[in-house]
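J.: just coords:
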Ligand SMILES: O=C(O)CCC(=O)C(=O)O
Ligand SMILES: [Fe+2]
């Protein structure tokens with residue numbers, strides 16, 4: 001067989017197939033992420049990066065640099081395609097609820113919810129919140145909003161309601177409350193705490209509000225960046241109800257810090273990503289319940305991200 005010139009443009013069949021694959025890679029990635037989620041993307045990414053190995057004939061350093069750039073590009077592409085895929089899927093229809101509920105207290109009503117958000121939803125919310133963070137305001141009655149780090153030091157991101165994933169989580173939250181109309185919900189607020197950040201004890205309801213907050217969910221999106229003890233989990237950052245006086249079985253210690261030494265008392269729910277606490281702010285007669293006095297305890301290590309889902313008694317003006 002005649003020798004091929006060194007700069008031959010004729011590729012062996014497998015390499016031509018490979019070029020074709022690369023042309024269609026973005027479509028394949030999008031389809032894989034819709035069909036198999038992030039696992040499909042991980043497999044595809046490893047196929048793509050393994051193909052850029054020794055057969056390119058480039059020096060090893062160049063190959064490594066190219067592979068690093070490519071995998072960074074792919075990480076961006078894959079997180080975008082995963083987000084697009086989730087958005088498309090949720091726009092078509094909201095997924096069935098996957099959560100599990102346990103009544104923690106009936107007076108005040110406090111319900112613990114496991115798996116309120118899926119890992120994909122969490123990843124999505126963390127991404128959409130990223131460009132929207134501002135210093136968390138402290139509400140004074142209906143009229144917002146001042147910043148007071150002594151009372152509340154954290155960053156908040158108010159999420160737009162036109163996003164299909166956000167919309168499905170809103171729908172989940174009103175369905176949870178007896179299929180209440182969506183217009184009773186305030187915009188979802190993601191809130192991010194770094195080390196020492198906190199929200200001092202407060203009520204989510206305000207006396208005399210013409211359209212009071214009847215209930216609150218606090219959902220945990222992240223508790224990470226910790227260095228000691230419990231893997232990479234953050235430390236501190238419990239949601240504490242200092243005036244809670246009831247007893248509870250030891251099985252609750254999966255969710256509650258049963259060795260809480262903050263000195264604040266009551267009950268301290270640990271930030272466990274995906275899980276949520278729901279509580280009713282008002283007595284049935286509409287007055288505020290004093291038992292739902294609560295705090296976001298200071299984060300001691302790492303970061304905590306949560307989300308407020310607040311429901312009003314009456315529809316809100318849009
Ligand atoms: O950070 C927490 O655990 C609770 C936050 C909270 O109560 C609020 O944002 O109103
Ligand atoms: Fe609160």
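T.: Structure received. Note that this is a predicted model, so its numbers are computed, not measured. Ligands and ions are numbered 1, 2, ... in the order given.
J.: Check the burial of the residue in the stretch 201-318 of the chain that ligand 1 sits nearest to by counting its neighbours.
T.: In the stretch 201-318 of the chain, no residue comes nearer to ligand 1 than residue 296, which is 2.4 Å away by CB to the nearest ligand atom. All C-beta spots, glycine's among them, are computed from the backbone N, C-alpha and C. If you count neighbours by other CB atoms under 10 Å, residue 296 ends up with 26.
J.: check contacts around it.
T.: 152, 154, 191, 193, 197, 198, 199, 237, 239, 240, 304, 306 (CB atoms under 8 Å, 6 or more residues apart in numbering).
J.: And what about residue 80, helix, strand or coil?
T.: Three-state call for residue 80 (DSSP: H, G, I helix; E, B strand; the rest coil): helix.
J.: one step back: which of the contacts of residue 296 ranks first by neighbour count?
T.: Top of the contacts of residue 296 by neighbour count (other CB under 10 Å): residue 304, with 32 neighbours.
J.: Wait, a strand at it?
T.: Yes - assessed with three-state DSSP, residue 304 lies in a strand.
J.: wait, it sits on residue 220?
T.: Yes - counting by CB atoms under 8 Å, residue 304 does reach residue 220; the two are 7.3 Å apart.
J.: Next, show the common contact partners of those two.
T.: residue 271.
J.: Let me see the backbone angles for the nearest residue to residue 175 once chain neighbours are set aside.
T.: Residue nearest to residue 175 in three dimensions, not counting chain neighbours: residue 97, with 7.4 Å by CB to CB, 6 or more residues apart in numbering. When quoted as degrees, to the nearest 10, the phi and psi of residue 97 stand at phi -70, psi 140.
J.: Now, the contacts of residue 296 that are in strands?
T.: Per DSSP state E, strands hold the following members of the contacts of residue 296: 152, 191, 193, 198, 199, 239, 240, 304, 306.
J.: Distance to residue 164 and pLDDT added to those residues, as CSV?
T.: Below are the ones in strands among the contacts of residue 296 laid out as CSV (distance: CB to CB, whole Å; pLDDT from 0 to 100):
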residue, distance to residue 164, pLDDT
152, 30, 92
191, 22, 98
193, 28, 97
198, 33, 96
199, 30, 94
239, 28, 98
240, 34, 98
304, 26, 98
306, 22, 98
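J.: how close does the residue of the stretch 51-200 of the chain at minimum distance from ligand 1 get to residue 215?
T.: Closest to ligand 1 within the stretch 51-200 of the chain is residue 199: 4.7 Å, counting by CB to the nearest ligand atom. Relative to residue 215, residue 199 is positioned 18 Å away (CB to CB, to the nearest Å).
J.: sorry, back to before: now the phi/psi pair for the closest residue to the residue of the stretch 51-200 of the chain closest to ligand 1 other than its chain neighbours, please.
T.: Of all residues not flanking residue 199 in the chain, residue 296 sits nearest, at 3.7 Å (CB to CB, 6+ apart). Here is the backbone geometry of residue 296 (degrees, to the nearest 10): phi -100, psi 110.
J.: For stretch 252-266, which outside residues touch it?
T.: 104, 112, 201, 238, 240-245, 248, 250, 267-270, 272, 275, 295, 297.
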